[in-house]
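K.L.:
Would you be able to build a 3D model of this:
(chains A and B)
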Amino acid sequence: METQVSFEYAPAPESRSVVSIKPKYGHFIGGKFVAGSKHFPTINPATEEVLSQIALAGKADVDAAVKAARKAYTTTWSKMSGKERGKYLFRIARIMQERAREFAVLETLDNGKPIRESRDVDVPLAAAHFFYHAGWADKLEFAGLGTSTKPHGVAGQIIPWNFPLLMLAWKVAPALAAGNTVVLKPAESTSLTALLFAEVCQQAELPAGVVNIVTGDGSTGALIVNHPGIDKIAFTGSTEVGKIIARAVAPTQKSVTLELGGKAANIIFEDAAIDEAIEGIVNGIFFNQGHVCCAGSRLILQESVADEVLEKLKKRMAQIRVGDPMDKNTDLGAINSKEQLLKIRELSATGDSEGAERWSAPCDLPKKGFWFPPTIFTGVTQSHRIAREEIFGPVLSVLTFRTPQEAIDKANNTPFGLSAGIWSEKGSRILWASQQLRAGVIWANTFNKFDPTSPFGGYKESGWGREGGRHGLSAYLKGVGHE
Amino acid sequence: MSNRIDVKKTYKLFINGAFPRTESGRTYEIKNAKGTFIANPCLASRKDLKDAVVAARAAQSGWNKASAYNKGQILYRIAEMLEGRRAQFVDEIITVTGVTKVKAEKEVTDSVDRLVWYAGWSDKLSSLSGALNPVAGPYYNFTVPESMGVIAAIAPESPSLLGLIDAIAPIIVGGNTVIVLASTKAPLSAMSFAEVIATSDVPAGVINILTGKKDEIAPWMASHMDIDGFDISGLAAKSHGAVRIAGAENLKRIYSFKSADPGRILAFLENKTVWHPIGL
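P.N.:
Next up is the predicted model:
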């Protein structure tokens, strides 16, 4: 009989003294902060404390930002050598590293993700993206066949709230390296690190107008998407909005990349190293509260090991520390917004009503803020909404299989195709499965790993194009032979 | 001159390796430049397209599994078969379009050579688009191009044979299957080319050829939920916007090309990145 060891952790809170949040922010246009007209509050989702007032960009603000970006493109950025452009990007990477702690604390306050994640994943990876792409700026002729060395011009970029600074880096770094200028809109609920990034641009003496940041909601995003002065649209977010954008730009000459939703299968074969797989399952779905487009949200278990895996998984889930995101021991932070919490609750309720069995880890959730416990549904069938729709929360749907082909068929039975996981100790089986899975990123015996050198992006309705590596860079260069 | 009556060919569709008539029973009339009747090719219907997509989907995984060497040899085999029937294609091009023999011969020569050029790409695509990515951690990480699935294509009105080959070969060389709509005014080369395909060891369903009206079939192709990509090079620019809007429903990859560039092949390939830990 195993003895259950329970660890009690004393609180280890990160200090917020490293950041100074202004009571009100404007937009960053043409190298300067300009006042906004209307404002909306941004809150800490872990406490519901109002952190600041964020400006809501309207038509005049977006016009000004596009104008500044065009001017910078025509007069400065497109005329500068790649070598010099690259040096600005290296500067930005270095300043982000220098101010990493500030970025991490601000990200956690505004987003609700554990400080351990913003400190160890989001911020270092964001800096790494700038460092990687900086080196491309003077090597565009080696970006590969099918790609020219010419940028599009002005890129409009719209990013989500799940990895605010990291998604900014994924968008801005390749755009600038390729010679574009940008108008970026952070997500409505997480604008603060983008506004801090604007200060980094100032410190790096980036020419005015090369990076412009307008804050706002979906209406601001629509103004960017439909703006005639923009040549390239890059969006990360839901498949639903991605399709709206695809239709909006269809009659135009705008180039588009879309990083959209997912419903990734995480397949556990019976010959997997089970303890490692348990860690992989937990990392796959509970990393970043499950607010991850590539989250391993469908666990596909071989029947012969299903009972063992589920027992160990529940035991492991009971050890997940849910709570104060600023505590360095916290594993699972706050749900980013009330709206998202309601969506997670609603979809989870369909799991109950459609006949799946819910189990949530026993944990004390804080009274204030938005919280959802780590949850699994067993007895899920492929027709259940929780097996088909992206929940974007800490909720795992468990399905089982008997033969490897059945695992692949279930994994591929989705309009999404962003990522997938394979757990097996047999090399030939891993390579076979990785070929069969219709997804852009395959994690074998690991999950949720990211790197600027590694292309990321989806098949099917998970989007258009890649981010990272040579493939990601090419999205910011004009194609050859395409009309 | 003999009094022999010619045996004329009925031009049908090419779906799943067979030559069915359109299920709709509709045809349209082809005349040469002087207005003389030539043939009644099929006016393909939405149901013909659906049948072709079913065939293309069923054939895709098998074609994808064929080795790159095998795919290259089959494309080369198509070139061999076309070379052997040069005279027929030259005649048909002259009959329908009224161009000079020199011009018709050049188009057939270019078509054979273009097929050979595409055939050679099959085992070089991962060198073009693949990568071993030096990630900052103990992981082996690589990116490989993979087939996208079922792709539709609209061939240009002219050149009717060479344009058709540019609408087929770059799509299938990487493991996709294709449904192509041939030139409306000059569909004879396309349907004779189907006979070349049928004798080139191309598995049934890998290449499907329809004849008919672009404005009718292009929107059906754009909105079909089991088509993954769409080459609209042969479609008038004024129709591109509507087709792209319809294609957004399943986020079809829709492209238009100006030339036979390798980018034309890569456009209908997905890139897959695989991670695996390195350790003892």
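
K.L.:
which residues does residue 138 contact?
P.N.:
No chain was given, so I picked chain A. A:81-83, A:85-86 (Cβ atoms under 8 Å, 6 or more residues apart in numbering or on different chains). No exception for glycine: its C-beta is placed from N, CA and C like everyone else's.

K.L.:
try again with chain B
P.N.:
Counted by Cβ under 8 Å, 6+ apart, residue B:138 has contacts B:277-279.

K.L.:
What subset of the contacts of residue A:138 is buried?
P.N.:
Buried members of the contacts of residue A:138, scored by 16 or more other Cβ atoms under 10 Å in any protein chain shown, are A:82, A:85-86.

K.L.:
what's the closest of those residues to chain B?
P.N.:
residue A:86 (18.4 Å; Cβ to the nearest Cβ).

K.L.:
contacting residues around that closest one?
P.N.:
The contact partners of residue A:86, taken as Cβ under 8 Å, 6+ apart, are A:134-138, A:177.

K.L.:
Go through the buried ones among the contacts of residue A:138 and flag which are in strands.
P.N.:
Judged by DSSP state E, strands contain none of the buried ones among the contacts of residue A:138.

K.L.:
For residue A:176, give me phi and psi.
P.N.:
Main-chain dihedrals, residue A:176, degrees, to the nearest 10: phi -70, psi -40.

K.L.:
And the strands in chain B?
P.N.:
B:30-31, B:37-39, B:131-132, B:139-147, B:150-154, B:177-181, B:207-210, B:229-231, B:253-255, B:269-277.

K.L.:
Which strands or helices does the fifth one pack on?
P.N.:
Identification of packing neighbours for strand B:150-154 by 3 or more Cβ pairs under 8 Å, 6 or more residues apart in numbering or on different chains; DSSP states H and E yields helix B:46-65, helix B:160-172, strand B:177-181, helix B:214-223, strand B:229-231.

K.L.:
Tell me which of the buried ones among the contacts of residue A:138 fall in helices.
P.N.:
By the criterion of DSSP state H, membership of the buried ones among the contacts of residue A:138 in helices covers A:82, A:85-86.

K.L.:
Count the neighbours of residue A:134 for me.
P.N.:
The number of residues packed near residue A:134 is 22, by other Cβ atoms under 10 Å in any protein chain shown.

K.L.:
Look up which helix or strand the spatially closest residue to residue A:254 that is not a sequence neighbour falls in, please.
P.N.:
Of all residues not flanking residue A:254 in the chain, residue A:233 sits nearest, at 5.5 Å (Cβ to Cβ, 6 or more residues apart in numbering or on different chains). Taking DSSP states H and E as the definition, one finds residue A:233 inside strand A:232-236.

K.L.:
Could you identify the helix or strand that succeeds that strand?
P.N.:
Once the chain leaves strand A:232-236, the next helix or strand it forms, by DSSP H and E, is helix A:239-249.

K.L.:
tilt between that following helix and strand A:232-236?
P.N.:
170 degrees (axes from the mean of the first three to the mean of the last three Cα atoms, to 10 degrees).

K.L.:
Is the helix or strand just after helix A:239-249 in proximity to chain B?
P.N.:
Downstream of helix A:239-249, the next assigned helix or strand under DSSP H and E is strand A:255-259. Yes - using Cβ under 8 Å from any Cβ of the partner chain, strand A:255-259 reaches chain B at residue A:258.

K.L.:
Which strands and helices lie in contact with the following helix or strand past strand A:255-259?
P.N.:
Sequence-wise, the next helix or strand downstream of strand A:255-259 (DSSP H and E) is strand A:265-268. Helices and strands touching strand A:265-268, by 3+ Cβ pairs under 8 Å, 6+ apart, are helix A:274-286, strand A:298-302, helix A:404-412, strand A:419-423.

K.L.:
Which residues does strand A:265-268 contact?
P.N.:
With contacts defined as Cβ under 8 Å, 6+ apart, strand A:265-268 is touched by A:274, A:277, A:280-281, A:284-285, A:296, A:298-302, A:305, A:309, A:401, A:407, A:410-412, A:414, A:420-423, A:433, A:437, A:447.

K.L.:
Could you pull up the mean pLDDT of it?
P.N.:
On average, the pLDDT along strand A:265-268 is 98.

K.L.:
what's the burial count for residue A:227?
P.N.:
18.

K.L.:
Next up, the contacts around residue 249.
P.N.:
Unless you meant another one, I'm taking chain A. Neighbours of residue A:249 in contact, by Cβ under 8 Å, 6+ apart: A:225, A:233, A:256.

K.L.:
please go with chain B instead
P.N.:
Residue B:249 sits next to A:243, B:223, B:225 when contact means Cβ under 8 Å, 6+ apart.

K.L.:
returning to what we had before: I'd like the strands of chain B as a markdown table, with mean pLDDT and mean neighbour count appended.
P.N.:
Below are the strands of chain B laid out as a markdown table (pLDDT from 0 to 100; neighbours: other Cβ atoms under 10 Å in any protein chain shown):
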| stretch | mean pLDDT | mean neighbour count |
| --- | --- | --- |
| strand B:30-31 | 92 | 16 |
| strand B:37-39 | 94 | 15 |
| strand B:131-132 | 96 | 15 |
| strand B:139-147 | 98 | 20 |
| strand B:150-154 | 98 | 28 |
| strand B:177-181 | 98 | 28 |
| strand B:207-210 | 98 | 28 |
| strand B:229-231 | 98 | 25 |
| strand B:253-255 | 96 | 21 |
| strand B:269-277 | 98 | 23 |
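
K.L.:
interface residues of the stretch 301-450 of chain A facing chain B?
P.N.:
Within the stretch 301-450 of chain A, the residues that sit near chain B (Cβ under 8 Å from any Cβ) are A:415, A:430, A:434-435, A:439-446, A:449.

K.L.:
Can you give me the distance of residue B:134 to residue B:225?
P.N.:
To residue B:225, residue B:134 is 39 Å away according to Cβ to Cβ, to the nearest Å.

K.L.:
Can you report how many residues neighbour residue A:23?
P.N.:
Counted with other Cβ under 10 Å, residue A:23 comes out at 8.

K.L.:
That one contacts residue A:52, doesn't it?
P.N.:
Yes - Residue A:23 is in contact with residue A:52 according to Cβ atoms under 8 Å; the separation is 6.1 Å.

K.L.:
Check the gap between the closest residue to residue B:81 other than its chain neighbours and chain A for me.
P.N.:
Leaving aside its chain neighbours, residue B:81 sits nearest to residue B:196 (4.5 Å; criterion: Cβ to Cβ, 6+ apart). As judged by Cβ to the nearest Cβ, to the nearest Å, residue B:196 and chain A stand 26 Å apart.

K.L.:
which residues sit in contact with residue B:196?
P.N.:
Contacts of residue B:196 by Cβ under 8 Å, 6+ apart are B:78, B:81-82, B:85.

K.L.:
Closest to residue A:193 out of these?
P.N.:
The shortest approach to residue A:193 among those belongs to residue B:78, at 55.2 Å (Cβ to Cβ).

K.L.:
doesn't residue B:197 make contact with the closest one?
P.N.:
Yes - using Cβ under 8 Å, residue B:78 is in contact with residue B:197, at 6.3 Å.

K.L.:
Comparing these two, which shows the higher neighbour count?
P.N.:
Legend: neighbour count by other Cβ under 10 Å for residue B:78 and residue B:197, higher for residue B:78 (27 against 22).

K.L.:
Stretch A:120-129 and chain B in contact?
P.N.:
Yes - judged by Cβ under 8 Å from any Cβ, stretch A:120-129 and chain B are in contact via residue A:128.

K.L.:
what do you get for stretch A:161-171?
P.N.:
No - counting by Cβ under 8 Å from any Cβ, chain B is not contacted by stretch A:161-171; separation bottoms out at 14.4 Å.

K.L.:
so where's chain B shaky on pLDDT?
P.N.:
In the predicted model, chain B carries pLDDT under 70 at residues B:1.
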